[in-house]
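In: Show me how the following folds:
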Amino acid sequence: MGAKPFKVASLEDDRRYGLAARSLEELVRKGCRKWQLPQKGCRVCLFEDGTEIDADYFYTLNDHCEVIILKEGQQWNGGLHYCINKVLNTFYANSEELTQIASQMLSDEKSFKKRVLLQNLIQKSNENISAENREDDLKWFEGLDLRFKTKSDYMRFSCGKRMRNYLTEVKNHGKILEGKMGSFDSISCGYDHSINPYSNKENRIIFSTWNLDHRIEKKRTIIPDIVKAVLNQNIDNDKVEKFYKHLFTVENLKLVHVVCHKKCKHNLSF
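Out: Residues are numbered from 1 along each chain as shown. Purely as a prediction, here's the structure:
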């Protein structure tokens, strides 16, 4: 059998070299000589997906197959993993330049999925998650009252406002049992919703559109039960705590993206 040509890479540099070998042992020997690697413990994997090549598999490979030689202890998860990791490293080192390139690509891209990936990349480049104080991220605080000095101050106020709105509903609705409710019937969302309101102004605003969804319904179940308990003068500390938990805590609340807010009856009870 004649020598089989390969395109061989190594973690020692980014270049690939053409090497020919009649056996896996010969390929390892030549690769180790090329990159000055100790031959003991070295192995060869497919560059594409990281599949390890043994002596038998070697003879099934096509000519000019792309492989990578690894010394003992090194790992390879495939070319795509490598490329993404390289882009991420470049992103943090040259985020402004990478954002400009992504913006140029976005203007010409027609594929919806690719546009979403590019838009997310551009958006992430504007994040300033670690900044907490107003002076460290002035853009995040645009449009907000000057009394908010930190991001946590505003998020605490925003959360408290939502809770006060629930309390107002309890006071005002009484026996009015109608109302729309939202998503409640799954542990996790089938869509890839991800947001950090601390990252930038846009995410802060978008986050305000997310809904706090009561699994056991507020208007159809919790409020009627409160009204019934009050009318029957059947209130004690345990019931007060139970109502509080189901109205205001994560025991019964889920944060739900607005597009996943299902408008249907839950049919759940205490």
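In: what's stretch 56-64 in contact with?
Out: 1, 4-7, 23-24, 27, 44, 53, 67 (Cβ atoms under 8 Å, 6 or more residues apart in numbering). C-beta: built from backbone N, CA, C; applies to glycine.
In: how does it look with 7 Å?
Out: Stretch 56-64 has contacts (Cβ atoms under 7 Å, 6 or more residues apart in numbering) with 4-7, 23-24.
In: try stretch 73-88
Out: Counting by Cβ under 7 Å, 6+ apart, 11, 45, 47-50, 68, 70 sit against stretch 73-88.
In: List buried residues within these.
Out: 45, 47, 50, 68, 70 (16 or more other Cβ atoms under 10 Å).
In: can I get these in a markdown table with pLDDT?
Out: As requested, the buried ones among the contacts of stretch 73-88 are exported to a markdown table (pLDDT from 0 to 100):
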| residue | pLDDT |
| --- | --- |
| Cys45 | 94 |
| Phe47 | 92 |
| Gly50 | 91 |
| Ile68 | 94 |
| Leu70 | 94 |
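In: Quickly name whichever of these is closest to Cys32.
Out: Leu70 (10.7 Å; Cβ to Cβ).
In: Tell me the spacing between the closest one and Phe58.
Out: 15 Å (Cβ to Cβ, to the nearest Å).
In: do Leu118 as well
Out: 40 Å.
In: hang on, Val28 packs against Gly41?
Out: No. Checked against Cβ atoms under 7 Å, the pair Val28 and Gly41 is beyond contact range at 10.2 Å.
In: So between those two, which is more surrounded?
Out: Between Val28 and Gly41, counted using other Cβ atoms under 10 Å, the more crowded position is Val28 (18 against 11).
In: The more buried one: which element?
Out: Taking DSSP states H and E as the criterion, Val28 maps to helix 24-35.
In: That helix packs against which elements?
Out: strand 4-10, strand 13-21, strand 43-46 (3 or more Cβ pairs under 7 Å, 6 or more residues apart in numbering; DSSP states H and E).
In: Would you reformat the ones you listed as a markdown table and include distance to Ile222?
Out: As requested, those are exported to a markdown table (distance: least, Cβ to Cβ, whole Å):
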| stretch | distance to Ile222 |
| --- | --- |
| strand 4-10 | 61 |
| strand 13-21 | 60 |
| strand 43-46 | 57 |
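In: mean pLDDT lowest for which of those?
Out: Ranked by mean pLDDT, these bottom out at strand 13-21, with a mean of 90.
In: excluding its backbone neighbours, what's nearest Glu142?
Out: Lys201 (5.8 Å; Cβ to Cβ, 6 or more residues apart in numbering).
In: From Val116, how far off is Lys30?
Out: Counting by Cβ to Cβ - Lys30 and Val116 are separated by 44 Å.
In: residue ranges for the helices of the stretch 1-150 of the chain, please.
Out: Per DSSP state H, counting those that start in this stretch, the stretch 1-150 of the chain carries helices over the ranges 24-35, 55-58, 79-93, 95-108, 112-125.
In: same question but for the stretch 151-270 of the chain, I mixed them up
Out: 151-173, 201-207, 223-231, 237-248.
In: any idea of the mean pLDDT for stretch 216-226?
Out: 85.
In: list the contacts for the closest residue to Trp140 other than its chain neighbours?
Out: Excluding the flanking residues, the one nearest Trp140 by Cβ to Cβ, 6+ apart is Lys201, at 5.0 Å. The contact partners of Lys201, by Cβ under 7 Å, 6+ apart, come to 139-140, 142.
In: Highest neighbour count among those residues?
Out: Of all these, the most densely surrounded is Trp140 (24 neighbours; neighbours counted as other Cβ under 10 Å).
In: how close does the residue nearest to Leu24 when sequence neighbours are not counted get to Cys32?
Out: Nearest residue to Leu24, sequence neighbours excluded (Cβ to Cβ, 6+ apart): Phe58, at 4.2 Å. Per Cβ to Cβ, Phe58 is found 16 Å from Cys32.
In: Compare the two (neighbour count), which wins?
Out: Phe58 (20 against 17).
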